[in-house]
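> below are the sequence and a predicted model for it; my questions follow.
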Amino acid sequence: MDVEKETKTAMQAAIEHFKQELKTLRTGRANPGILEHVRVDLYNSSMSLKSLANISVPDARQLMITPFDRQNCAQIAKAIDAANLNVQTQVDHNVVRVFIAPMDESVRKEMVKECKKRTENTKIVIRDIRRKYNERVKKEKADGTLSKDDFERIEKEIQKLTDQFCKESDQICASKEKEILEI
């Protein structure tokens, strides 16, 4: 695989990771993504919530968790409470209901701030990828396996990819901010 393709693949992976991270940020509406990282201690191990239950969205302010094994409702509610997601849980017969409180302005601003922080962290990762592949190309040029023209062309392409993926991360952040600030 050539350097440009490897660079693009690595940067695309960073963007995909960023998108997954943003799913965990609270917005004004119920989103199953906020439970993405919740781990439940069951059967002497820590398991992801998704592997133990179905998660649905019956309305804009509520998530409904239907465990595959109905006896796990209490442990699931306890794990969600322990995750400090600023939500309320209620065990209701064979399901766990998660109530999403409306966000006030200060919480929304905090979520936007967190979104921007994660965007900046993603840009740092993308720039690190650029540095790594630029160093690799410089080494190939120094070893004589890469011509000066190819070196310059590849270096420009890596910079173009860096700009493209940094811009994409800004666009994703702007979209998420709009979702967070929507009332």
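Done, it's in.

> neighbours of residue 178, how many?
The local packing of residue 178 (other Cβ atoms under 10 Å) involves 11 other residues. Placement of C-beta: from N, CA and C, glycine included.

> name the helix or strand for it, please.
According to DSSP states H and E, residue 178 maps onto helix 148-181.

> buried sites along that helix?
151, 154-155, 157-158, 161-162, 165-166, 168-169, 172-173, 176-177, 179-180 (16 or more other Cβ atoms under 10 Å).

> against residue 151, how distant is the residue of the chain most remote from its centre?
Within the chain, residue 144 marks the point farthest from the mean C-alpha position, 40.7 Å out by Cα atoms, centre = their mean. Summarising the geometry, the distance separating residue 144 from residue 151, computed by Cβ to Cβ, to the nearest Å, is 11 Å.

> just residue 106 next, same as before
51 Å.

> the most centrally placed residue in the chain: what's it in contact with?
For the chain, the residue sitting closest to the mean C-alpha position, by Cα atoms, centre = their mean, is residue 21 at 1.4 Å. Under the criterion of Cβ atoms under 8 Å, 6 or more residues apart in numbering, the contact partners of residue 21 comprise residue 118.

> could I get the CA-only coordinates of the helix or strand where it lies as CSV?
Under the assignment given by DSSP H and E, the secondary-structure element containing residue 21 is helix 3-23. Listed next in CSV are the C-alpha coordinates belonging to helix 3-23 (Å, rounded to 0.1, in the frame of the first residue of the first chain):
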residue,chain,number,x,y,z
VAL,A,3,1.9,6.2,1.6
GLU,A,4,-1.0,8.4,0.4
LYS,A,5,-3.5,5.5,0.8
GLU,A,6,-2.1,4.6,4.3
THR,A,7,-2.3,8.2,5.4
LYS,A,8,-5.9,8.5,4.1
THR,A,9,-6.9,5.3,5.8
ALA,A,10,-5.4,6.3,9.1
MET,A,11,-7.0,9.7,9.0
GLN,A,12,-10.4,8.2,8.1
ALA,A,13,-10.1,5.9,11.1
ALA,A,14,-9.5,8.9,13.3
ILE,A,15,-12.7,10.6,12.0
GLU,A,16,-14.7,7.4,12.5
HIS,A,17,-13.5,7.2,16.1
PHE,A,18,-14.4,10.9,16.6
LYS,A,19,-17.9,10.2,15.3
GLN,A,20,-18.3,7.4,17.7
GLU,A,21,-17.1,9.6,20.6
LEU,A,22,-19.6,12.3,19.7
LYS,A,23,-22.5,9.8,20.0
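
> chain center to the helix or strand following that helix: distance?
Moving toward the C-terminus from helix 3-23, the first helix or strand encountered (DSSP H and E) is strand 39-42. Centre-to-centre, strand 39-42 and its host chain are 21 Å apart (Cα atoms, centre = their mean, to the nearest Å).

> low-scoring stretches of this protein, by residue?
The model of the chain has pLDDT under 70 over residues 1, 183.

> sweet, I'm off.
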